[in-house]
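Student: What follows is a predicted protein model with its sequence.
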Amino acid sequence: MREQESFSENFLRQKEEALKVLLVGLDTGADKDFSHSMEELASLAEAADKQVAGVIIQRMGHENKALYIGPGKVAEVREYAGQCGAQEIVFDNALTPSQVRNLGRELELPILDRTNLILDIFAMRARTREARLQVETARLRYLLPRLVGMRENLSRQGGAGGSMSSKGAGETRLELDRRKIQHRISELERELENVARGRETMRKRRSGSLLPQVALVGYTNAGKSTIMNQLVERYGERPEKTVLEKDMLFATLETQVRKILAGDNMPFLLVDTVGFLHRLPHDLVKAFRSTLEEVCRADLLVHVVDFSDEHYREQMKVTEETLKELGAGDIPRIVAYNKIDRCGNQRPRRNGDQVYIAAARDLGLDVLLEAIQEAVYAHSREEVCFLIPYEDGKLVSYFMENATILEREYREEGVWLHVSCHRSDTERYRAYLCAGLCS
């Protein structure tokens, strides 16, 4: 008997023009929170502009190697797909090429797995040239092993006499397709290398400014872009340069960098990155690696967590695992528990390197900013005193703009400054240091 889970009702869409899909899940007992995984699959379908027409679940100790689900359940899926008008079948796991082929033959409908659905979403969201190249690369890598069977309608019989060297039309076309895809992947990788070199040039230019880099990371739809926009509007060098902000999975794909001119002359670069997800396709992570390198080069990570989601601990674990995979597991971080207003808590607070905020309601952004500044400037700044002759007045202006002035006196020899400045400025202007005069 078909098990129609109640949570699916929450995701049935009203737009008649949307493509109707039937979600299929296999609960082997290995996933402790299988129900949440299916909810997330429904959210992914919605993010791909599809209408969930129904959900079918099979509980079985292991997957069927040929069909993923049992033959009897396949027949049930075929029957229910006809009843609900489903135009595609979406499975909540990565299917093997043979499973896709066999299911397509049995169900006579397009078959998508979780990976394919995520790739569809990324293709829809990609706006920049780099993002489009990355998505196309991931999709072709996904397609390459699944070409088998696509030419089944073509003959694979050899020529006269059964020569081992002769090949049928299907096999020949299949090999041509493989070579074309491999060639296209190589072209895309070369283009991405060129884009990456341009990104590296921009990165070196930014690093030359000595500004610390802070990257927002976390599960998709945790509120990273909302935090970015709030800080940009309040403290940004160009307040109008906000980023796309939407309550949906993977609203942001492109890495965005903004300069934050925070108080006390402690500016930093804030980076908004693509969100992570449970079972994010490996090829997608690999394709977006150059973009995600911004995370690896950050001086500080702000791990944004949707505190209102009952599964936030599992989402935090996914983020930590992905950061380790990227080589960013050891970078210092602050955890920003976002959306506390949805938990009946209206009071932002801080507990060490953990802050509790509600970015959409502009609650606690000052607390987060203070935590960021302390973290990125704690080891790069020092308090020193300078005595600057009046003829070098430009240097006084420099420190007014690039350091925190703690004390200032106009003396006979020049302007005495007690400042908190970057260590590199201490070295650069060592000739003006007046050791022992700070009190």
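Tutor: Received it, and whenever you're ready, just let me know what you need.
Student: Tell me where the stretch 301-439 of the chain has helices.
Tutor: Taking DSSP state H, counting those that start in this stretch as the criterion, the stretch 301-439 of the chain carries its helices at 312-326, 365-377, 393-402, 423-428.
Student: Run through who's touching the first one.
Tutor: Going back to what we said before, that points to helix 312-326. Contacts to helix 312-326, defined as C-beta atoms under 8 Å, 6 or more residues apart in numbering, come from residues 33, 36, 217-219, 222, 276-278, 280, 285, 289, 292, 295-296, 301, 303, 305-306, 309, 329, 331, 335, 337. In this view, the C-beta of every residue, glycine as well, is placed from N, C-alpha and C.
Student: hmm, which of the residues you listed are the buried ones?
Tutor: The neighbour count (16 or more other C-beta atoms under 10 Å) marks 36, 217-219, 222, 276-278, 280, 285, 289, 292, 295, 301, 303, 305-306, 309, 331, 335, 337 as buried among the contacts of helix 312-326.
Student: which intervals of the stretch 151-300 of the chain have sub-threshold pLDDT?
Tutor: Where the stretch 151-300 of the chain drops to pLDDT under 70, the residues are 151-171, 199-200, 202-210, 239-254, 263-264, 287-291.
Student: all strands in the stretch 251-400 of the chain, in order from the N-terminus.
Tutor: 256-260, 268-272, 300-306, 333-338, 349-351, 354-356, 381-388 (DSSP state E, counting those that start in this stretch).
Student: now the angle between strand 256-260 and the longest helix seen in the chain, please.
Tutor: Of all segments of type helix in the chain, defined using DSSP state H, the longest is helix 169-207. If you take axes from the mean of the first three to the mean of the last three C-alpha atoms, to 10 degrees, helix 169-207 sits at 10 degrees to strand 256-260.
Student: just checking, what packs against helix 169-207?
Tutor: helix 129-143, helix 289-296 (3 or more C-beta pairs under 8 Å, 6 or more residues apart in numbering; DSSP states H and E).
Student: let's go with 6 Å and repeat that
Tutor: helix 129-143 (3 or more C-beta pairs under 6 Å, 6 or more residues apart in numbering; DSSP states H and E).
Student: Output the helix it packs on as CSV, restricted to C-alpha atoms.
Tutor: Backbone C-alpha positions of helix 129-143 (Å, rounded to 0.1, in the frame of the first residue of the first chain) are rendered in CSV as follows:
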residue,chain,number,x,y,z
ARG,A,129,29.8,33.4,-16.7
GLU,A,130,31.8,31.6,-14.1
ALA,A,131,28.7,30.0,-12.4
ARG,A,132,27.4,28.9,-15.8
LEU,A,133,30.7,27.3,-16.7
GLN,A,134,30.8,25.5,-13.3
VAL,A,135,27.3,24.2,-13.6
GLU,A,136,27.8,23.0,-17.1
THR,A,137,31.0,21.2,-16.1
ALA,A,138,29.2,19.4,-13.2
ARG,A,139,26.2,18.4,-15.4
LEU,A,140,28.5,16.9,-18.1
ARG,A,141,30.5,15.0,-15.4
TYR,A,142,27.2,13.7,-14.1
LEU,A,143,25.9,12.8,-17.6
